[in-house]
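Student: Turn this into a model:
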Amino acid sequence: MLEAAPYRGMDGMSIHLDGSIGLGYAKSAITPEETHERQPIISPRTGIAVIADVRLDNRAELVATLPGTPATASDAELILRAYERWGSNCFERLLGDFAIAIWDARTRQIICSRDTSGQRSLFYRLDERTFVAGSEIHQILVDPTVLLAPDEAKLRDYLTPWYAFQNEKQTERTFFSGISSVLPGNVLTVGYNTRDNRTFWTLDVRDIRYQSADDYAEHYLNLFTTVVRDRLRSMHPMGVLLSGGLDSSSIVATAQQIYRRGDVPYRGFSTFSSVFNDPTCDERDLIRDLQEQYGFDAHYVETSSFSGRLQIEPDGFLESPNLGVRDASNAIMRAASDAGVRVVLTGDTADACVGGTRHVFDSLIRQGQVRAVWEHLQPYRRVTGESNAKTLFLYGIAPLLPRAFQRQIMTAYRRHGFRRTRGRLIPTWMPEALRRELEQHHLHLLLKDERTRKYANPTRAFEYRLLYPPEVARQIVPWAIQTWRPFADRRLHEFLLGIPPEQKFWPHPESDNTYAGQKRIVRQAMQGMLPESIRSRTLKTNFRGVWENEVEHQWPEYAAVFGPDAMSLIARRGFVQADGFWQRLQELRAGRYGMDFLYVMKLVSLETWLRTFELPRPRAVSVPPVDLRLSGRDLISQGHPL
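Tutor: Sure thing, here's the model as predicted:
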């Protein structure tokens, strides 16, 4: 299993055996405390053994709470001491990113747990005789006795509108039959003839109220600074995957301020950005504005081709159909690897965390802000076409009613919306029977969401659903580089769901574009820290040109797989009507887009993923190697400190 992921063990591998129990650890030392650490860490007193993929952000608190613990103890050692003191209740006391496996020799049980945002992965397979767990799915599949087959129910979820139109969420079920994921914020305990799975943490949202927008922005900036600083604890140069947007740019600006104050040691800092020849989706000018302000190394990386979503013969194992274009990821990580980076920070999850929504009316009504209600109502009507009366009733009055009445109103509204749009939800080039099945599954999930939602406030309920269950947080393999996501920090979630929603969204005076009004608190907090070209952006970059180039570049492959004389795997398995899907691809190539564009991309990706099961098993369960050399065509330019 360790040999299946050699890129995780850049600093060595080790194994601990205790009878029928085996623990293996691949070391990649990032924090100073990990330098001399050797896992598994075994207690000489109790025999308890711990392996952990971890970065703890409340080390000082734990050291102070656990008597006799040296300040230099590694994060894994802190976990061992915490477990010896509090047992499986220790996980609720841990703050940070972690996936942990503990062998308790006293009870003869294995305890597995993951952090509350699922930033470190942990998969397992359990049958009547064997329990196997690993950081990656293919580590489990290298055992030739393990079934290698798709999970059919997961594929149905993948194609259901409820899931298709949002980022992939973490669930216990994976895309591989018989292999499960330890859920974020959960503890899985496995013993002889016993299995227990419990949740140790759920988000607790409390109202936070200040006198002014400046107070909210100040609180946000202080908290965000703490979150970013906790993720700069590396012995190696730090990297950031930088676009020209607010999210990654605010990470860079905050990190630069932290370094300038000397709050953490500076060991090098670089950014890595995908750039494109198509001016409609190239953000170099914005990135250069930020670089000019702070003077960091900026790497501009262009892939040598746009291929990757469709692979007639995949290179090897793919964890999911939701993997996008591999060429771009590999080019970026190759540049980061050459720069000596072992951690990159990203702005992932920011839209769910701090984006905000237009449905702020009940919050404004509760505060008696009548003029503000009108300021929000007019652009809302222009954008949605909904009448003012309907908007005020659904999002202003209904949330003030008792929950039972509100649930009845919103359930009826959702049913009505489903009936009105059902013919447009799922593409007509999918088989009719499958469309009906997916529509009903979508309706079931839609109504279940209304029955189980935690909050009366529509914006809080919506934002909570975006954040929890957490989005899937994958590492980019096979690179020895971890991805850390500041916006996945639960401290930010507790704060941002607790403040009035209008602090995150306020209509822009000159633009009805949704992005123009989003992230209000970030824009306010970053005054003076971000160039105005970034802070005051009103439009997101449209990357449709990347897709168009990809399809044009690979059109012979598209024709070979989906054309008139072909029979794709997605057609054989009844996911598409072959003729209809081919016709739709030709229309897209000609520039005729529509609501089904996302479905087209998802089905093309699914075709590639299904083709991995056609490979010889050794290839199907192996992560393909990459060329570690950075080609001259990939690295466009590197900006040095000014």
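Student: quick one: contacts of stretch 585-592?
Tutor: E548, V551, E552, W555, Y558, F562, F597, V600 (C-beta atoms under 8 Å, 6 or more residues apart in numbering). In this view, the C-beta of every residue, glycine as well, is placed from N, C-alpha and C.
Student: Adding distance to R414, write those out as a markdown table.
Tutor: Output for the contacts of stretch 585-592, formatted as a markdown table (distance: C-beta to C-beta, whole Å):
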| residue | distance to R414 |
| --- | --- |
| E548 | 35 |
| V551 | 35 |
| E552 | 40 |
| W555 | 41 |
| Y558 | 37 |
| F562 | 35 |
| F597 | 24 |
| V600 | 26 |
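Student: what residue ranges in this protein score low on pLDDT?
Tutor: By pLDDT under 70, the weakly predicted segments of the chain are 303-308, 324-325, 627-642.
Student: Show me which helix runs longest in it.
Tutor: Criterion DSSP state H: the longest helix present in the chain is helix 403-425.
Student: Give the other helices and strands that that one contacts.
Tutor: helix 432-452 (3 or more C-beta pairs under 8 Å, 6 or more residues apart in numbering; DSSP states H and E).
Student: returning to that earlier point: I'd like the contacts of stretch 585-592 laid out as JSON lines, including secondary structure.
Tutor: Below are the contacts of stretch 585-592 laid out as JSON lines (DSSP: H, G, I helix; E, B strand; the rest coil):
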{"residue": "E548", "secondary structure": "helix"}
{"residue": "V551", "secondary structure": "helix"}
{"residue": "E552", "secondary structure": "helix"}
{"residue": "W555", "secondary structure": "helix"}
{"residue": "Y558", "secondary structure": "helix"}
{"residue": "F562", "secondary structure": "helix"}
{"residue": "F597", "secondary structure": "helix"}
{"residue": "V600", "secondary structure": "helix"}
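Student: Which of the residues you listed sits closest to R435?
Tutor: Ranked by distance to R435 (C-beta to C-beta), the contacts of stretch 585-592 are led by V600 at 15.2 Å.
Student: The closest one: neighbour count?
Tutor: 21 (other C-beta atoms under 10 Å).
Student: Using the record's assignment, carve the protein into domains.
Tutor: Following automatic domain parsing, one gets these domains for the chain: 6-158+169-199, 203-357+469-642, 361-467.
Student: how far is stretch 144-160 from where the chain is centred?
Tutor: Mean-position distance between stretch 144-160 and its chain equals 21 Å (C-alpha atoms, centre = their mean, to the nearest Å).
Student: For that stretch, which outside residues touch it?
Tutor: Stretch 144-160 is contacted by residues 125, 140-141, 163-164, 171, 173-179, 321-322, 426, 430, 434, 437-438, 441-442, 445, 575, 599, 602, 606, 610, 613, 617, 620-621 when judged by C-beta under 8 Å, 6+ apart.
Student: In helices, which of the residues you listed appear?
Tutor: The helices, defined by DSSP H, take in 140-141, 163-164, 434, 437-438, 441-442, 445, 599, 602, 606, 610, 617, 620 from the contacts of stretch 144-160.
Student: Now list the buried members of those.
Tutor: 140-141, 163-164, 434, 438, 441-442, 599, 602, 606, 610, 620 (16 or more other C-beta atoms under 10 Å).
Student: for those, which one is nearest I365?
Tutor: Among those, and counting by C-beta to C-beta, the member closest to I365 is H442, at 31.4 Å.
Student: any idea how far A372 lies from R381?
Tutor: The gap separating A372 from R381 is 15 Å, by C-beta to C-beta, to the nearest Å.
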